[in-house]
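J.: I would like the atomic coordinates for the input below:
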Amino acid sequence: MLDAIVVGAGQIGRQAWHHLLYEGYGDVRVLARSKARWIEDEAVSDRFDCRELGDGPPLEADVVFDTIAFDAVDIARYDPDRVGHLVLISSASVYCDAQDRTLDEARDKGWPEFGGPITEDNPTVAPGPQTYSTRKVRMEEHARAMFGDRVTILRPGAIYGTHSKHPREWWFVKRLLDNRPRIPLIYGGASQFQATSAFDIAFFGVWSAKKRVGGTYNIGDCDCPTVAERGRIIASHLGREVEFVPIDEGVGTVGRTPWSVGRPLIVSSEKLTTRFPYHRESMTYARQVTGTLDWLCDCNPAEWRTVFPQLAAYPWDMFDYAAEDRFLESR
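T.: Purely as a prediction, here's the structure:
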């Protein structure tokens, strides 16, 4: 039996692989459909298995850290008798407010209103095939039914880290690298959308597996800066002077960032950090995002839509500078 298997070679998978090795798991393999760049760069090809999940014999390991499970079918491929502990990544988007409003349906039903930090006791959407979040809940329920207290389920916010295909920070970084002197922000730059470090996801996931402590936990930075505060943090790290121009409304695409939401979405990680004591002060966005920013500056891809396909899939042009300039000239 392998010590551990990481399923998925994205930003969380890379961090999970490193944390498992650091915690003493000797034989750690990475299983994914395609070989990520870091697999080559870090010379771990001998530990990489490129195949579709479900092909070949059932996975067997003391720990399976699955970063890409999205529905019940992704859990059904595991045999509880062959896996000692399962770690899964869900999402804070599974929560709904008192009017059953969710992030998935915000465009049609309006932004959910939670009235404060969301705890694990907050209602979630019903399991089903309808949306990303309903499928995640169905995945969670199936995992708990199969593995009981041998599964750890983590619910992050907006994930950030190096080697991401969805680096929201690029919205600010590219503008700063392009020497944009003024950056407009809708909702007055006051939107709060919980962020989560890929490093912390891997850290707590591996820790829970090592300690054999299961459960469902929110995971996020200990703070939740506004969009304007995130911009200032990023600009400061890059050493750039910039003016952020607030737009009071929340309509249109000028000034719309990947964190722009009509009402705050903040999660409480108190349950997690109570179960696994950790220095909360080190989990701030400003302290943890620096590596991501340095990586983005080093990368600085001309064809960013190819390198960051999930970011490119947003339904608006994130870098319509002509529209921004027209707006700024009218101020």
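
J.: Now do the buried residues in the strand or helix carrying residue 206.
T.: Remark: residue 206 resides in helix 198-211, with elements defined by DSSP states H and E. Buried residues in helix 198-211, defined by neighbour count with 16 or more other C-beta atoms under 10 Å: 198-210. Placement of C-beta: from N, CA and C, glycine included.

J.: contacting residues around it?
T.: 4, 11-12, 14-16, 18-20, 23, 63, 65, 85, 87, 89, 152, 154, 156, 159-162, 164, 214-215, 217, 219, 221, 272, 276, 278, 283, 288 (C-beta atoms under 8 Å, 6 or more residues apart in numbering).

J.: Mind checking which of those are in helices?
T.: Residues from these lying in helices, with DSSP state H as the criterion: 11-12, 14-16, 18-20, 272, 288.

J.: follow-up on the earlier one: I'd like the buried residues of helix 198-211 as JSON lines, with distance to residue 108 and pLDDT appended.
T.: Shown next, in JSON lines, are the buried residues of helix 198-211 (distance: C-beta to C-beta, whole Å; pLDDT from 0 to 100):
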{"residue": "198", "distance to residue 108": "30", "pLDDT": "97"}
{"residue": "199", "distance to residue 108": "35", "pLDDT": "95"}
{"residue": "200", "distance to residue 108": "32", "pLDDT": "95"}
{"residue": "201", "distance to residue 108": "30", "pLDDT": "96"}
{"residue": "202", "distance to residue 108": "35", "pLDDT": "96"}
{"residue": "203", "distance to residue 108": "37", "pLDDT": "94"}
{"residue": "204", "distance to residue 108": "34", "pLDDT": "94"}
{"residue": "205", "distance to residue 108": "33", "pLDDT": "96"}
{"residue": "206", "distance to residue 108": "39", "pLDDT": "96"}
{"residue": "207", "distance to residue 108": "39", "pLDDT": "94"}
{"residue": "208", "distance to residue 108": "36", "pLDDT": "95"}
{"residue": "209", "distance to residue 108": "39", "pLDDT": "96"}
{"residue": "210", "distance to residue 108": "43", "pLDDT": "94"}
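
J.: Do a quick rundown of the helices in this structure.
T.: 11-22, 37-41, 72-76, 106-109, 132-147, 170-177, 198-211, 227-238, 270-275, 285-288, 290-299, 304-307, 309-312, 321-329.

J.: gap between the two ends of stretch 123-133?
T.: 13 Å (C-alpha to C-alpha, to the nearest Å).

J.: swap in stretch 239-252?
T.: Calculated as C-alpha to C-alpha, the first-to-last residue distance of stretch 239-252 is 30 Å.

J.: what does it rub up against?
T.: 175-176, 179-190, 228, 231-232, 235, 254-255, 260, 262, 327-328, 331.

J.: what is the rounded mean pLDDT of that stretch?
T.: Taken as a whole, stretch 239-252 has a mean pLDDT of 93.

J.: Find the residue at the geometric middle of this protein.
T.: The centroid of the chain falls nearest to residue 159 when counting by C-alpha atoms, centre = their mean (2.2 Å).

J.: And it, how close does it get to residue 303?
T.: Separation of residue 159 from residue 303 (C-beta to C-beta, to the nearest Å) stands at 23 Å.

J.: Now for residue 233: which residues touch it?
T.: With contact set as C-beta under 8 Å, 6+ apart, residue 233 has these partners: 225, 285-286, 289.

J.: just residue 155 next, same as before
T.: 90-92, 94, 120, 216-219, 267.

J.: and residue 190, how many neighbours does it have?
T.: Around residue 190 sit 16 other residues, with neighbours defined as other C-beta atoms under 10 Å.

J.: same deal with residue 318?
T.: The burial count for residue 318: 19, using other C-beta under 10 Å.
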